[in-house]
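Engineer: what's the 3D shape of this:
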Amino acid sequence: RPKRTLTNLLSTYDLDPGATVFIDTGSNGYATRVDPTDADGTVASPITFIGPTNGAVARFVGAPGMRDGLFLTNAKNVRIRALTIREFTNGVRLEGAATNNTMRGLMYPTNGFSGIYMNGSAVDQNRIVSNVIDGRDTQSAGVYLISGDRNTITNCRLYNTLNYAIHFATGGASNAILENAIYSNESYGLHLTGAAVDANFIRGNVIDARGTQSSGIYCSDGDGNLVTNNTIFGHTLYGIEMDTAAASNVIIGNTIRSNAQYGMYLNGTAVDANRIVENIIDGKGRQTNGIGVGDGDGNIITNNTIRGHLGNGLAIGSTAASNTVAGNNVLSNLTYGIYVSGAGVFRNRIVGNTIDGRGSGIGIRFVDARANVLTNNAIRNNLGQAGILVSYTAASNRIVANAVYSNGPAGIEFDDTAPSPRENTVARNTVYRNGAVGINIVRATNNRFLNNDVYAHTSRAIFAGIGASNWFINNLCLSNGAVGVTNAGPGARWE
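Structural biologist: Okay, the predicted model is just below:
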């Protein structure tokens, strides 16, 4: 026999596995608690609560102080479809051991804290499918998960929240966030925090700030998460931010564009061993920087396309050490293709990249950094000052076997900054057809220039200016303009 509200029905009947409850058009009362004493289905025979499917609306409407629209505590194998749940603290709440439940085709406008709230060590294997969660600028979060594993959030629209579209706090492992449309949230699209937020799969989402969201994806502390094939754009800070101790995550195959500061930013003393692979990071002339690495160690940045930034394609700073930058295409960035800066930045390897300014910027600059390796790169068409620029106290770096060409006005330059670079090695590079000078040593001390081929410059192959004890050994200088070599500084050794 029909009941006026779902609460009345559950207080009257114990639903057996396979039962279906049809919820009629209109308002169906207030908050409802669903637990195993009321409804506990099986995998083969779930219990289903379903609203109208003909375009009409069945509503659960809260009142001040009402906590949850539907509260599933320890319930299992429950299916909820085609309802509108609004004006509660949380639209749906799952706690305890709520497992293998499905929320499909629900709408959650204007709940006070979250559309869906999940908290329990065994809140596992639930499915949130094709829901619309509209915070209407009053709701804090779309989906708020404190703990729970192997849940799926897919094909949902989550927008207009005050803080997060999706937030994982404390725990939450092996969950899947798939093919959602996330936009116009005040702070973050996805916000993953907590040492146990691990091994989540984030794929195929479109995260569009629409001018309001600070960052698309923020991950702090979590390990082993996979972020792939997402499109992330228009944020006021970062497309993706890895913070604090986020380690061993894989970010692969994403398109990140037009975010104000960085497309991707790694910042934290334990942001280590992450892999950033085959992403397209496109500033579109609006994003300041492509990828920033501050502090983290042992990260691998490979086979990405990084282009069109107002500042730097890739910046390595603070205390970032032992990172590998390999096989990337770094194109059309206005200030630097790659910027390596900081006395604590050391032992990074920059290998096999194409750094092409396409008529602007400086290819790569070292400022104060030490013991880094730059090798087997093609550095070309950077017309700002030089293809490679070494400044201040940059020391013990190895610049080896690069092709440096069509830059200007110099191919490789040690610039007029004091105190000067020292104990760097520049060896086996092919430096040709740059502007006036192939290798321009304005100020430097005790550096070694060995076995470089330097040719086809309009003024000279090598200029040795202020500094002492620089060694020039076995360099081949051919077909340069007026002068092959100019030695203006004291103590240079030529062999």
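Engineer: element containing the residue most central in space within the chain, please.
Structural biologist: By CA atoms, centre = their mean, the mean C-alpha position of the chain lies nearest to residue 240, the distance being 2.3 Å. Assessed by DSSP states H and E, residue 240 sits inside strand 238-243.
Engineer: Against residue 460, how distant is the closest residue to residue 194 other than its chain neighbours?
Structural biologist: Among residues not flanking residue 194 along the chain, residue 170 sits closest, at 4.3 Å (CB to CB, 6 or more residues apart in numbering). (C-beta placed from N, C-alpha, C; glycine too.) Distance of residue 170 to residue 460, computed by CB to CB, to the nearest Å: 63 Å.
Engineer: Likewise for residue 63?
Structural biologist: Distance from residue 63 to residue 460, by CB to CB: 83 Å.
Engineer: Between these two, which is the more surrounded one?
Structural biologist: residue 460 (20 against 9; other CB atoms under 10 Å).
Engineer: Now do the contacts for the residue lying closest to the more buried one once chain neighbours are set aside.
Structural biologist: With sequence-adjacent residues excluded and distances taken as CB to CB, 6+ apart, residue 460 is closest to residue 483, at 4.3 Å. By CB atoms under 8 Å, 6 or more residues apart in numbering, residue 483 lies in contact with 459, 460, 461.
Engineer: What about the closest residue to residue 130 other than its chain neighbours, how many residues nearby?
Structural biologist: Spatial nearest neighbour of residue 130, chain neighbours left out: residue 155 (4.8 Å); criterion: CB to CB, 6+ apart. Neighbours of residue 155 under the rule other CB under 10 Å: 15.
Engineer: For residue 373, see how far away residue 155 is.
Structural biologist: Distance, residue 155 to residue 373, by CB to CB: 46 Å.
Engineer: Could you do residue 93 as well?
Structural biologist: 54 Å.
Engineer: Wasn't residue 8 part of a helix?
Structural biologist: Yes. Counting by DSSP: H, G, I helix; E, B strand; the rest coil, residue 8 is found in a helix.
Engineer: Please report the distance of it from residue 247.
Structural biologist: Taken as CB to CB, the span from residue 8 to residue 247 is 52 Å.
Engineer: Neighbour count for the two, which is higher?
Structural biologist: Applying other CB under 10 Å to residue 8 and residue 247 shows that residue 247 carries more neighbours, namely 23 against 14.
Engineer: That one contacts residue 271, doesn't it?
Structural biologist: Yes. Residue 247 is within contact range of residue 271, at 6.7 Å (criterion: CB atoms under 8 Å).
Engineer: ok, now which ones touch the residue nearest to residue 484 when sequence neighbours are not counted?
Structural biologist: Among residues not flanking residue 484 along the chain, residue 477 sits closest, at 4.5 Å (CB to CB, 6+ apart). Listed by CB under 8 Å, 6+ apart, the contact partners of residue 477 are 438, 454, 455, 461, 462, 484, 485.
Engineer: name the element residue 477 belongs to?
Structural biologist: Counting by DSSP H and E, residue 477 is part of strand 476-478.
Engineer: quick one: average confidence on the next helix or strand after that strand?
Structural biologist: In the C-terminal direction, the helix or strand that comes right after strand 476-478 (DSSP H and E) is strand 483-487. Averaging pLDDT along strand 483-487 gives 74.
Engineer: Please apply the same query to stretch 386-395.
Structural biologist: Averaging pLDDT along stretch 386-395 yields 97.
Engineer: Quick one: end-to-end length of that stretch, please.
Structural biologist: 19 Å (CA to CA, to the nearest Å).
Engineer: Then stretch 184-193?
Structural biologist: First-to-last distance for stretch 184-193 - CA to CA - comes to 21 Å.
Engineer: Could you pull up the mean pLDDT of that stretch?
Structural biologist: 94.
Engineer: and that stretch, how far out from the chain's middle?
Structural biologist: 13 Å (CA atoms, centre = their mean, to the nearest Å).
Engineer: just stretch 380-391 next, same as before
Structural biologist: For stretch 380-391, the distance to the chain centre is 28 Å (CA atoms, centre = their mean).
Engineer: ok, now stretch 402-413?
Structural biologist: 32 Å.
Engineer: Can you point out the buried residues in it?
Structural biologist: For stretch 402-413, a neighbour-count test (16 or more other CB atoms under 10 Å) marks 402, 403, 404, 405, 406, 407, 408, 409, 410, 411, 412, 413 as buried.
Engineer: Using JSON lines, lay out the residues you listed together with secondary structure and pLDDT.
Structural biologist: Shown next, in JSON lines, are the buried residues of stretch 402-413 (DSSP: H, G, I helix; E, B strand; the rest coil; pLDDT from 0 to 100):
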{"residue": "402", "secondary structure": "coil", "pLDDT": "98"}
{"residue": "403", "secondary structure": "strand", "pLDDT": "98"}
{"residue": "404", "secondary structure": "strand", "pLDDT": "98"}
{"residue": "405", "secondary structure": "strand", "pLDDT": "98"}
{"residue": "406", "secondary structure": "coil", "pLDDT": "97"}
{"residue": "407", "secondary structure": "coil", "pLDDT": "96"}
{"residue": "408", "secondary structure": "coil", "pLDDT": "88"}
{"residue": "409", "secondary structure": "coil", "pLDDT": "94"}
{"residue": "410", "secondary structure": "strand", "pLDDT": "97"}
{"residue": "411", "secondary structure": "strand", "pLDDT": "98"}
{"residue": "412", "secondary structure": "strand", "pLDDT": "98"}
{"residue": "413", "secondary structure": "strand", "pLDDT": "97"}
